[in-house]
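**Student:** A structural model of the following input is requested.
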Amino acid sequence: MSRSNARRRAALLLTAILAAPLAARPAGAGEADQAPDRLRPPQPEPAALPTISVDELTPGQRGYGLTVFAGSAPERFEAEVVGVMRNVGPETSYILARLSGHGLEESGVAGGMSGSPVFFDGRLAGAVAFSWPFSHEAIAGITPIAAMRRIPAELPVPGGPPEIGPGPVPAEETAAGRTAAGTARLGGTGTGASPVSALDLATRRLPEGLLERELAKLAPPLPGGAAPGIQWSAAGFGPATEGLLRTALGTVAPVGEAPAASAAAGLAPGSPVSAVLIDGDLKLAATGTVTDVTGDGILAFGHAFLGYGPLSVPMASAEVVTVLSSRYSSFKIANVGPVVGAFDQDRQAGVRGRVGAEAPTVPMTLIVDGAERREYRMRLAALPQITPALIAISSLAGLEAASYTGGFQGLDLEARFRLAGRDDELTVAQSFDGVGTPTKAALLLLSYAAFLLQNDMAEVALDGVEVEIRQASEPRTATLVGAHAERTVLRPGDAVALHLEFAAWRGERFRRSLDLELPASLPEGRYHLFVGDGASVDAARLAVEQAEPQTLRQALALLDSLHSNRELVVLGVRAAPGLAVAGEVLPQLPGTMRSIWGAAGPGGARALRLAVAQTEAVAMPVPIQGLLRIDLRIERREPLTAGAAGEEAPPAEEGGEAEGTVEGDGTATDPGGEDGDAAASEEAR
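**Tutor:** Below you'll find the predicted structure:
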């Protein structure tokens, strides 16, 4: 037997010994239980703690609980039954008890007491689970131990740790239930669980308030305005990011690092224990208390953590520094120690974990290059439902710690998502200027990660995330205000110079020229060039092609094709009837093929009137914004004669200006053109 296991069994034995003399006293004796004055002989394998049911409790019955108020050794507090809230939900009851001792009369129930075991008549009744903010008394809701012991051993979820031991499995955990649980673990239900699609990312249509809503997923689900008794703690987060966490989670306490000795002492009923979501240079953890121990398995919290059922989250030892009294809701200030195992079940009645198990994590590296270069390394809980929010808040917190996040500024973001089991990686590059740019950058990271991990096309896991943020002290974006071609009548394969004019941010106008070679395969007719920043041109391209990805391969290809605002992009578009089928664009189809596809029904294919003929991108020294259209005419190398074509060839045109402007969101103004002009304007809309 290992030293840590021996110490844990000794602590469990001591708890059972403390309870044994009290068990001989009649229930409802009307006075506080007294500590034993002698110890019984030690047992080599202590049995499970005896329990008492809610039906055996009466108002006024006195007992005690165990929790840590300072350090790592559990201490006793007093408890008195107020009553039982029966059947508040299906097969769900709670014990209400008034707590006292160690200043609880003044502080009330403290955050971090979730899971503290409570004994009546010397038998384990349940775990402190919740209280109510601003309460004048330390009234706690206690989850009956019978409900906690019904939490099943870990279900066979792909990628999870082995089972922690025997335990009854409820009837609802059938094969179908296990499949549903596994799907939920992946964050998808086949109904589009991701808050953004690949097209949303491509067109930058990101929902407002998405970061706040994703962070709110971390709040334990409890009804009736009750506050869960766990305590969130964070390290390395500045005022702005802590404010986001408080909005989502309530009180967030500072956290330090506990010594390794806290882990060596082992986990016993009443010991502090933490679920770690972010570890490393930044830290985010939820600390509660161990309720019951059986072998290497533990029960804790007395309520759901995230409500995800089967999961795998690092479990760490903890050390309590002190209890801070608050008028709103008091809480423990704790240090988080080394990871000692993993939580693998998250149910309404509490969480189950196993000492020695290993939970998967996603390594993340963040580089902030501002006034000085800083690097942060973290390990994030590998939960598809919340990993995107952890990536976003870590990036925002690292930027705030290294530099600042308020005021006018410019940011260049580069990120690499390494996909497990795939040779390639998804790269993201974008620039942001103005006020609120750090939040916009974090939102983009969140959106990409959410799409990858929560898409309903295929399972995706991350091997790692690398993020680099370069910060400028002021905005730099220049606006494209003019564009024209030196010639507007050209032949296939010709080279043409495009002359562009930009307005700098708080600066003078400047000009740039770009030599563009036209495709040699262009047919005769109208040809339209969309010139502008990468994001706006991407939006125009998608308005032309209108092919929504149907497979993960198509989605990754689309995302990999997107451009940054630091790129000047030219998009060549011409009239070419085609189809968008199953996420693929099929341009220049013969009329017979289009008719066949059209007969398949409205959901089979989408008719296209335009096709993308070329895309050219040039890096710019500063970010740009705006989108303009230049109209050209393509003629054959041998002009048609009036007799052969029935009309005269039009005269050559020189110095054509851009006839239409498309705003940064991809909406085009109608230049009043004809034929292909009208079609291009309509498609751009």
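
**Student:** Centre of the chain to stretch 302-313, how far?
**Tutor:** Taking Cα atoms, centre = their mean, to the nearest Å, the mean C-alpha location of stretch 302-313 is offset from the chain mean by 16 Å.

**Student:** please renumber so the chain begins at 35
**Tutor:** Understood, numbering begins at 35; the last thing we discussed is stretch 336-347.

**Student:** where exactly do the strands run in the stretch 485-634 of the chain?
**Tutor:** 496-506, 512-519, 523-524, 529-537, 543-551, 559-567, 601-615, 618-620 (DSSP state E, counting those that start in this stretch).

**Student:** for the record, mean pLDDT for the third one?
**Tutor:** If I follow you right, that is strand 523-524. Mean per-residue pLDDT for strand 523-524: 95.

**Student:** The second one too?
**Tutor:** Confidence over strand 512-519, taken as the mean pLDDT, stands at 96.

**Student:** Sort out which residues of that strand are buried, please.
**Tutor:** Within strand 512-519, the residues scored as buried using 16 or more other Cβ atoms under 10 Å are A512, L514, G516, A517, H518, A519. Every residue, glycine included, has its C-beta placed from N, CA and C.

**Student:** and the angle for that strand with strand 529-537?
**Tutor:** Comparing the axes of strand 512-519 and strand 529-537 via axes from the mean of the first three to the mean of the last three Cα atoms, to 10 degrees yields an angle of 150 degrees.

**Student:** domain assignment for this structure?
**Tutor:** Using automatic domain parsing, the domain parsing of the chain gives 35-199+240-393, 396-506, 512-672+681-718.

**Student:** least reliable of those going by mean pLDDT?
**Tutor:** With a mean of 76, domain 512-672+681-718 has the lowest mean pLDDT of the domains of the chain.

**Student:** how far does stretch 506-518 sit from the chain's center?
**Tutor:** Distance, centroid of stretch 506-518 to centroid of chain: 32 Å (Cα atoms, centre = their mean).

**Student:** Pull up the distance across that stretch, start to finish.
**Tutor:** End-to-end distance of stretch 506-518 (Cα to Cα, to the nearest Å): 32 Å.

**Student:** all strands of the stretch 335-484 of the chain, in order?
**Tutor:** Counting by DSSP E, counting those that start in this stretch, the strands of the stretch 335-484 of the chain are 343-358, 365-381, 384-389, 395-403, 407-415, 443-453, 459-468.

**Student:** Sorry, slip of the keys, the one I care about is the stretch 35-184 of the chain.
**Tutor:** Under DSSP E, counting those that start in this stretch, the stretch 35-184 of the chain gives strands at 96-101, 109-123, 126-134, 151-154, 157-165, 173-178.

**Student:** T585 is nearest to which of the ones you listed?
**Tutor:** Nearest to T585 among those is strand 109-123; the distance by Cβ to Cβ comes to 41.3 Å.

**Student:** List the pairing partners of that closest one within its sheet, with orientation.
**Tutor:** Here strand 109-123 is paired, per DSSP bridges, with strand 96-101 (antiparallel), strand 126-134 (antiparallel).

**Student:** now the shortest one: how far from the chain's centre is it?
**Tutor:** For strand 96-101, the separation from the chain centroid amounts to 38 Å (computed by Cα atoms, centre = their mean).

**Student:** How about the longest one?
**Tutor:** Between the mean C-alpha point of strand 126-134 and the mean C-alpha point of its chain there is a distance of 34 Å (Cα atoms, centre = their mean).

**Student:** residues of that strand that come out buried?
**Tutor:** Of the residues in strand 126-134, S127, Y128, I129, A131, R132, L133, S134 count as buried by neighbour count, 16+ other Cβ under 10 Å.

**Student:** Who are the contact partners of the fifth one?
**Tutor:** Right, the one you point to is R132. If you count contacts by Cβ atoms under 8 Å, 6 or more residues apart in numbering, R132 has them with A113, E114, V116, E171, A172, I173.

**Student:** rerun at 6 Å
**Tutor:** With contacts defined as Cβ atoms under 6 Å, 6 or more residues apart in numbering, R132 is in contact with E114, V116, I173.

**Student:** thinking again about what came up before, tell me the one among the buried residues of strand 512-519 nearest to V656.
**Tutor:** Checking those against V656 by Cβ to Cβ gives A512 as the nearest, at 5.5 Å.

**Student:** partners of that closest one in the sheet?
**Tutor:** Residues in beta-bridge contact with A512 (DSSP bridges): I658.

**Student:** roughly how far apart are it and S437?
**Tutor:** Using Cβ to Cβ, to the nearest Å, one obtains 24 Å as the distance from A512 to S437.

**Student:** repeat for P655
**Tutor:** For P655, the distance to S437 equals 22 Å [Cβ to Cβ].

**Student:** And S150, by the same measure?
**Tutor:** Distance from S150 to S437, by Cβ to Cβ: 41 Å.

**Student:** When those two are compared, which one has more neighbours?
**Tutor:** The neighbour count for S150 versus S437, taken as other Cβ atoms under 10 Å, is higher for S150 (34 against 19).

**Student:** between the contacts of R132, which is closest to P611?
**Tutor:** Closest to P611 out of the contacts of R132 is I173 (72.5 Å), distances taken as Cβ to Cβ.

**Student:** Now do the closest one against A181, distance only.
**Tutor:** As judged by Cβ to Cβ, I173 and A181 stand 20 Å apart.

**Student:** ok, the two, which is more surrounded?
**Tutor:** Between I173 and A181, counting by other Cβ under 10 Å, A181 is the more crowded of the two (20 against 16).

**Student:** Contacts only, for L552.
**Tutor:** D528.

**Student:** For the strands of the stretch 485-634 of the chain, please prepare TSV with the additional fields distance to A376.
**Tutor:** Below are those laid out as TSV (distance: least, Cβ to Cβ, whole Å):
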stretch	distance to A376
strand 496-506	18
strand 512-519	51
strand 523-524	65
strand 529-537	54
strand 543-551	56
strand 559-567	46
strand 601-615	44
strand 618-620	43
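
**Student:** L333 is nearest to which of these?
**Tutor:** Among those, strand 496-506 comes nearest to L333, with 30.4 Å by Cβ to Cβ.

**Student:** by how many degrees do that closest one and strand 395-403 diverge?
**Tutor:** On the basis of the same axes, to 10 degrees, strand 496-506 is oriented at 10 degrees to strand 395-403.

**Student:** Do me a favour and get the end-to-end distance for stretch 131-145?
**Tutor:** This stretch, stretch 131-145, spans 16 Å end to end (Cα to Cα).

**Student:** returning to that earlier point: out of the strands of the stretch 485-634 of the chain, which is the most enclosed?
**Tutor:** By mean neighbour count, with neighbours taken as mean count of other Cβ atoms under 10 Å, strand 559-567 ranks first of the strands of the stretch 485-634 of the chain at a mean of 25.
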